[in-house]
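Q: just coords:
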């Protein structure tokens, strides 16, 4: 690394109080023998980053914590045990599972995203909203030539959506699927459902109008009211929709999902929040509904998503609302939080 400056700026959440985020200088990383040193190029701002900025996240944060887990970068150095297939200059993206127990029963099944000891970048260990990051070789993926680094930075939320709408849903061509929430994950889930041949509606609030306009670009219907009317009255048998994907992070939205899903239908819940439910779950039993949680992703999903991006089937460009330098993180956060855009992306260098 040479004998120059030994620190780097990082967007850091330092306390649980609202707006406790600032640029701080942190030490440069040292890579282990099975890690690469990644020069970060672009970082997507996630809803979880905004939750930590607002102090209303659902998990315990080890303050101070560098934010960011959606990132693309260029390999600048490799550890002594890293495969020679990875070379300096390679364009890559990294998964979020920074730390996993290789002996966990879930890891051994390939479901390391569900390893109880898993620690993710930007959630439990320092993340990617900085210049240089040490990344384990096991979670690297090559960025295809046809995919820009800005687009590649959205691979992670695309994988979250793939898991929720493909692996943890049950969609057949012609199914009617309601997506609750027009945030980045909601719109990406809608895209994944459309790819499988579903008729999709994305529901949001009046303040979500601009985001809903993006959903319409992906051939989705959009709703700000009359959700039950679309679910029942526009269907062929008035029994409700085949499936609901709940991305809102508001517990009360599950009540809406249970109302509009048809008997023997399914709900894929990917959004989470700390609020108590305060309503009955009896409809799950009465209607024989399958309620499926969906968390994170694993290696095969990343390869599938990157392939979809490379061949042009998955176009995330309309979702990117702007690119900000790392030092302008506050403007990027506020713009995304306002609902004026779907996704903010930072540029690290």
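A: Done, it's in. What you see is a predicted model, and the numbers here were worked out from it, not measured in a lab.
Q: residue boundaries of the strands in the stretch 1-150 of the chain?
A: 7-13, 21-27, 35-44, 65-66, 70-78, 91-94, 97-99, 119-120, 132-136, 140-142 (DSSP state E, counting those that start in this stretch).
Q: As a markdown table, the ones you listed with distance to residue 246 and mean pLDDT would be great.
A: Yep, even glycine has a C-beta here, placed from its N, CA and C like the rest. Output for the strands of the stretch 1-150 of the chain, formatted as a markdown table (distance: least, CB to CB, whole Å; pLDDT from 0 to 100):
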| stretch | distance to residue 246 | mean pLDDT |
| --- | --- | --- |
| strand 7-13 | 26 | 98 |
| strand 21-27 | 27 | 98 |
| strand 35-44 | 21 | 98 |
| strand 65-66 | 27 | 98 |
| strand 70-78 | 21 | 98 |
| strand 91-94 | 27 | 98 |
| strand 97-99 | 24 | 98 |
| strand 119-120 | 21 | 98 |
| strand 132-136 | 31 | 98 |
| strand 140-142 | 28 | 98 |
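Q: Tabulate those strands (TSV), appending distance to residue 257 and mean neighbour count.
A: Formatted as TSV, the strands of the stretch 1-150 of the chain follow (distance: least, CB to CB, whole Å; neighbours: other CB atoms under 10 Å):
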stretch	distance to residue 257	mean neighbour count
strand 7-13	31	21
strand 21-27	32	15
strand 35-44	26	24
strand 65-66	32	20
strand 70-78	26	24
strand 91-94	31	23
strand 97-99	28	20
strand 119-120	26	17
strand 132-136	36	22
strand 140-142	32	19
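Q: With distance to residue 112 as extra columns, can I get those in TSV?
A: Listed next are those as TSV, based on distance: least, CB to CB, whole Å:
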stretch	distance to residue 112
strand 7-13	25
strand 21-27	26
strand 35-44	16
strand 65-66	21
strand 70-78	18
strand 91-94	14
strand 97-99	6
strand 119-120	11
strand 132-136	11
strand 140-142	14
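Q: Enumerate every residue touching the closest residue to residue 227 other than its chain neighbours.
A: Closest residue to residue 227 apart from its sequence neighbours, by CB to CB, 6 or more residues apart in numbering: residue 203 at 5.2 Å. Residues near residue 203 by CB atoms under 8 Å, 6 or more residues apart in numbering: 178-182, 222-224, 227.
Q: let's go with 6 Å and repeat that
A: 180, 223, 227 (CB atoms under 6 Å, 6 or more residues apart in numbering).
Q: repeat for residue 286
A: Applying CB under 6 Å, 6+ apart, no residues contact residue 286.
Q: what does residue 96 give?
A: With CB under 6 Å, 6+ apart, residue 96 has these contacts: 69, 120-121.
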